[in-house]
Each structure stands twice: as structure tokens, then as C-alpha cells.
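Asks: sequence and predicted structure, then a few things I'm wondering about:
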Amino acid sequence: MMKNNIHVVFGFDMETDVGSFTPYYDGVKNATAPLVELFDKKGIKGTFYYTGDAARRNPESVELVKQSGNEVGCHSLFHETVGDELFPIPGVVPLLPEEVPFRIEKATEWVQQVLGHQPVSFRAPRLWGSTALLNSLEKLNYVSDASYPMYFYRERFVPYHPHKNDWTKEGDMNIVEIPNFADMVMQSNDPGLERDRDQWPLFRTKSADELMKRIDGFVKFLQDRNLPVVLCFYFHPWEFIPIQESYHYGEAKVTPDRFLTLGCGEKAMNEFAILIDRLKDIGSTFHRADEFAGLWSKNSIR
């Protein structure tokens, strides 16, 4: 592929291990330092989105990210469903729309107490955003949200300023919505949800080079439409440590789908390093989400 003007936003969702399926923070505790060191080695920056609870319980992780020059963002209060549910998860009841502003304020407050200043970038757990969420973030002066799952909505392929009445539509809010890219060229075998278009977590379940095939296809998809190339990725710290295939909690055994745990640990770290190199090879520029939102709002990228 020829070198391109490609903008990359790497984000890590700093949450309990395996999302909502464990109460542990082994990933936050043990993977923050190696990820920050890898970023330093490669000369790139990104955004680490903490739940309020993760920040409170792991202040040393927050401080490490802050001191490294990477961004500390927010990822809800307890990895809860703050937006529109795309599929049901037992025991995880979506917040009522009227509950959302309070929970986002509290999550922001908890991260701020550890960070020392207010976070301005957000990502919803599972990429489940909503209009109520975006209005709450706008009120709190967030500058970026990276919740839009392109694989599901399939309407927004580049960042945009959302509409206050429908977060999936373009409007005049100040906050910048940064879609998480998906393969918009492939034939989906997942009717309705079409999650097989999503780029996560191919880098570890297959390889960085397999993910690059999706990236190359999406870059061409955008260039054929004369659209700017922005690649927003989401990862989790627990992917970079060895993860159990199942957990027992006294009354039940939880065995996450295999794709959630496959390739976690050393393979994930090795493939992630390769992915960075491959993206550099095609001329990518790496951004923190807040920095990217500022450039986008000033029309410096379009």
C-alpha cells in the first residue's frame, strides 16, 4: 500500500478483567506499565479510559499514564450500560436515561479526584452510547467520545459533531464523536448485529497482519469516497495478561465466549507491537483522543 495521511487513535478501556464478567483488576495492575513502555519505545501516544472504580482502586496506574504524557479518559462508573443496549447481558441492567447524567457526573468526579483534573475524553462500555450519554458529556465539557460502533450503525465512517436529539446523526454539538472503525467491505454472516465486521479483537485471535487486511480494505473504502482516513481502535489491559477461560463465584461458573480470552497475554503484546509497526509503515499519525478532537474541530485534518 502507498503511504497515506492516516490518523490513528488507540484507546484502552481500563476496566475489570474480561469486561463485566469478573470483579478483578489484574489487567489494570499488571499491563499498564508494559503498554506505556511500548508506547514510549514506539514514540506514540494514546488514551486510557478508566472507569471511576478502576481509577479509585488503581491510582498508581492513573499516575503512570498521566506522567507518560498519554491521556487519562473516563469509561463510566462501574463498567455499566450507560447507553443503548445492543444485546442483553444477565445482571447488567441498562441505566434509565434519567439516571445517566448523575452516573456520568459521578464517574467524572471519581476519575478527576485521582487524576487531579477533569477528564475530557470518554468511551462507553461495549461501545453502547446514546443520546442521553452524549448530552451528559456535552454538559460536562467533554471534547471527545469514542463510543460509536461502526459495525452496528454503519452510517458514520468519519468523526462528526453529533446532534443533540440523535447521537448517531450529525449536528452542532461541540463534542467530537470518533467512530470505532469496522470492515465495511466484507459480507457479514451475522444478520442484524453484524459484529463480525468489527476490528476487535482480531489482532490477538488471529494476528496483526490479518487485522491489517481489514485496515487496508477500510482505508480504500474511505479513499474511494474522498473521506479522511481515521482509524479508532479499542483494546483492554486484561488482553495483555494471561486470562483464565472460566471463573467460579460460589453459585455459578462463568465461561466467557472463547474470543474474549483467546490469545490474551504474550501473544497479544507481541501482535500489538507488530500492529503499531505496520500502521507506521503505511504512514499513520498517532493521536490522543483529546488532541485529535481539537484538530478535527479546527478542520485541521479534513
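Replies: Structure received.
Asks: in three-state terms, label the residue minimising distance to the centre of the chain for me.
Replies: Centroid-nearest residue in the chain, with Cα atoms, centre = their mean: residue 234, separated by 3.3 Å. Following DSSP: H, G, I helix; E, B strand; the rest coil, the label given to residue 234 is strand.
Asks: list the contacts for it?
Replies: 11, 12, 13, 123, 127, 146, 180, 200 (Cβ atoms under 8 Å, 6 or more residues apart in numbering). C-beta here means a position set from N, CA and C on the backbone, and glycine is covered the same way.
Asks: what's the helix or strand bottoming out on mean pLDDT in the chain in contact with?
Replies: Across the helices and strands of the chain, mean confidence by mean pLDDT, DSSP states H and E is lowest for strand 253-254: a mean of 92. The contact list for strand 253-254 (Cβ under 8 Å, 6+ apart) reads 21, 22, 246, 247, 248.
Asks: farthest-apart pair in those residues, please.
Replies: 21 and 248 (11.9 Å; Cβ to Cβ).
Asks: what about the two, which has more around it?
Replies: Using other Cβ atoms under 10 Å, the more surrounded residue of residue 21 and residue 248 is residue 21, with 20 against 10.
Asks: report the contact partners of the more buried one.
Replies: 247, 254, 256, 260.
Asks: ok, these vs residue 112, which is closest?
Replies: residue 260 (30.4 Å).
Asks: ok, which stretches of the stretch 151-300 of the chain are helices?
Replies: Taking DSSP state H, counting those that start in this stretch, the helices of the stretch 151-300 of the chain run over residues 202-205, 208-223, 258-261, 266-281, 289-297.
Asks: highest average neighbour count across these?
Replies: Highest mean neighbour count among those (mean count of other Cβ atoms under 10 Å): helix 202-205, with a mean of 22.
Asks: off-centre distance for that one?
Replies: 15 Å (Cα atoms, centre = their mean, to the nearest Å).
Asks: now what about that helix, what contacts it?
Replies: 210-211, 214, 239, 259, 262-264, 267-268, 271-272, 275.
Asks: contacts only, for the closest residue in space to residue 271 that isn't next to it in sequence.
Replies: Closest residue in space to residue 271, ignoring its immediate chain neighbours: residue 208 at 4.5 Å, by Cβ to Cβ, 6 or more residues apart in numbering. Residue 208 makes contact with 271, 272, 274, 275, 278, according to Cβ under 8 Å, 6+ apart.
Asks: mind running it again at 7 Å?
Replies: If you count contacts by Cβ atoms under 7 Å, 6 or more residues apart in numbering, residue 208 has them with 271, 274, 275, 278.
Asks: report the separation between residue 196 and residue 108.
Replies: Distance, residue 196 to residue 108, using Cβ to Cβ, to the nearest Å: 34 Å.
Asks: more neighbours, the two?
Replies: Neighbour comparison, residue 196 and residue 108: the larger count goes to residue 108, with 23 against 13 (by other Cβ under 10 Å).
Asks: next SSE after the host helix or strand of that one?
Replies: Using DSSP states H and E, the element containing residue 108 is helix 100-115. Counting by DSSP H and E, the next helix or strand C-terminal to helix 100-115 is strand 121-122.
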